[in-house]
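Peer 1: Whatever this is, show me its structure:
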Amino acid sequence: MNSTIWLALALVLVLEGLGPMLYPRAWRRMIATMSQLPDNILRRFGGGLVVAGIVVYYMLSKTIS
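Peer 2: Just a heads-up that it's a prediction; the model follows:
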């Protein structure tokens, strides 16, 4: 696998770990609240994150190239 992908995965893990490490109570409430949301809202949220990730990747790849 490309080392860039491994670096991106490592960054995701760091960012994902910051919430429960720094604010465990708020993180737990957020997860509990999100588990109560309907599936279509979670799909929209996930889709928005995917689109945002693609846009950021595209912008960075154009800047670096």
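
Peer 1: what does whichever strand or helix holds Leu18 rub up against?
Peer 2: Leu18 belongs to helix 3-22 when assigned by DSSP states H and E. Helix 3-22 is contacted from outside by 26-28, 30, using Cβ atoms under 8 Å, 6 or more residues apart in numbering. (Each C-beta comes from the backbone N, C-alpha and C, glycine too.)

Peer 1: Need those residues in JSON lines (columns: neighbour count, secondary structure and distance to Leu11).
Peer 2: Converted to JSON lines, the contacts of helix 3-22 look like this (neighbours: other Cβ atoms under 10 Å; DSSP: H, G, I helix; E, B strand; the rest coil; distance: Cβ to Cβ, whole Å):
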{"residue": "Ala26", "neighbour count": "11", "secondary structure": "helix", "distance to Leu11": "22"}
{"residue": "Trp27", "neighbour count": "14", "secondary structure": "helix", "distance to Leu11": "19"}
{"residue": "Arg28", "neighbour count": "12", "secondary structure": "helix", "distance to Leu11": "23"}
{"residue": "Met30", "neighbour count": "13", "secondary structure": "helix", "distance to Leu11": "21"}
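
Peer 1: Run the angle between the biggest helix by length in the chain and helix 3-22 for me.
Peer 2: Longest helix of the chain, by residue count under DSSP state H: helix 39-64. Counting by axes from the mean of the first three to the mean of the last three Cα atoms, to 10 degrees, helix 39-64 lies at 130 degrees to helix 3-22.
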